[in-house]
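Enquirer: 3D model of this:
(one chain, ligands or ions: 1)
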Amino acid sequence: MTERYGAAGLAAAQPGPSRGAAALPRHVAIIMDGNGRWAEARGLPRLEGHRRGVEALRATLRAARDIGIEIVTVYSFSSENWSRPATEVSGLMGLLKRFIRNDLAELHEAGVRVRIAGDRDSLSRDIRSLLVEAEALTAGNRGQTLIVAFNYGSRQEIAEAARTLAMEVAAGTRDPASITPEAISARLSTAGIPDPDLVIRTSGEMRLSNFLLWQSAYAELVFQPVLWPDYGREALLEALAEYARRERRFGGVAAVVAGA
Ligand code: FPP
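Expert: A predicted model of the protein is given here:
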């Protein structure tokens, strides 16, 4: 396990002797919060905070690849973010476009498979085609999986899965008894992806804000005070070190989960 942390001597993330969880999470999901406060504290427009947020995202993704995190999901735009001022919304749309145009080649080169979670119907045609291009280009990659949650809302996603299943029941093609947690998971945008082991939120806020509510049932939650534009390798290592100290029981008892 140690070598999965890369060559940088990342002792901070090493497991402690009493830990019950695997030392390194397979799937890390991140709520990138605090861009606005970062900018406001410097007398800058909020959009500048988001721009710096993209740089932090780039640095964090590189570190996560280096460390050996298999799956990273980032919350880039929530279904509720449409209520922000129009200039901020269009700025965030522009940043997504630039992120895909500028970073797709590097991600592809690094073997990253890109997936998008969220409702695409209300996005512009050019964004929709960029999202299709990013997924198609990287579909065969077997390195890290990056899930960009954009125009994403967890309750909406669960409601959509419920609607699909209800329609199958109404059409007589599904027995209601077959509506299991697995059947619902298979109809979410994360179908086929293991649930997040670790959910990180930056900026000191301590809530999930409609992010991966179903998938995070047993995730470890780590809240860090750092504002997202200041995030990077060091802060990620701190979150991983905190994760490694946690004992995950999944509703059972420690000895059974640990296989002891
Ligand atoms: C929360 O900060 C952050 C967002 C709503 C957007 C996150 C977006 C990025 C990190 C950059 C865009 C990345 C891509 C891939 C498009 P906030 O604005 O709520 O901060 P505040 O709580 O301090 O106001």
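Enquirer: so residue 214, which of the three states?
Expert: Recorded secondary structure, residue 214: coil (DSSP: H, G, I helix; E, B strand; the rest coil).
Enquirer: from memory it sits against residue 154, does it?
Expert: Yes. Applying C-beta atoms under 8 Å, one finds residue 214 in contact with residue 154, separated by 6.5 Å. For every residue, glycine as well, the C-beta is placed using N, CA and C.
Enquirer: which of those two has more neighbours?
Expert: residue 154 (23 against 16; other C-beta atoms under 10 Å).
Enquirer: Next, give phi and psi for the spatially closest residue to that one that is not a sequence neighbour.
Expert: When the adjacent residues along the chain are set aside, residue 154 lies closest to residue 213, with 4.1 Å between them (C-beta to C-beta, 6 or more residues apart in numbering). Backbone torsions for residue 213, taken as degrees, to the nearest 10, come to phi -60, psi -40.
Enquirer: got a list of what residue 213 touches?
Expert: 154-155, 158 (C-beta atoms under 8 Å, 6 or more residues apart in numbering).
Enquirer: which of the residues in stretch 100-114 are buried?
Expert: 100, 103-104, 107-108, 110, 112-114 (16 or more other C-beta atoms under 10 Å).
Enquirer: Stretch 228-235 now?
Expert: Buried-residue list, stretch 228-235, by 16+ other C-beta under 10 Å: 228-233, 235.
Enquirer: between those residues, which is closest to the ligand?
Expert: The ligand lies nearest to residue 228 out of the buried residues of stretch 228-235, by C-beta to the nearest ligand atom, at 5.6 Å.
Enquirer: residues touching the closest one, list them.
Expert: 32-35, 38, 49, 53, 56, 202-203.
Enquirer: rewinding a little: just the pLDDT at the residue nearest to residue 154, thanks.
Expert: What the model reports for residue 213 is a pLDDT of 98.
Enquirer: Give me every residue in this protein lying close to the ligand.
Expert: By the rule C-beta under 6 Å from any ligand atom, the part of the chain lying against the ligand is 32-37, 50, 53-54, 57, 76, 81, 92, 95-96, 99, 148, 203, 228.
Enquirer: Go through those residues and flag which are in helices.
Expert: Assigned to helices by DSSP state H, the following of the residues of the chain next to the ligand qualify: 35-37, 50, 53-54, 57, 92, 95-96, 99.
Enquirer: Of those, select the buried ones using a PyMOL command.
Expert: This is how PyMOL selects the buried members of these, with burial counted by 16+ other C-beta under 10 Å:
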select buried, resi 35+36+37+50+53+54+57+92+95+96+99
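Enquirer: Looking at the ones in helices among the residues of the chain next to the ligand, which is nearest residue 121?
Expert: residue 96 (15.7 Å; C-beta to C-beta).
Enquirer: Against residue 246, how distant is residue 86?
Expert: Distance from residue 86 to residue 246, counting by C-beta to C-beta, to the nearest Å: 41 Å.
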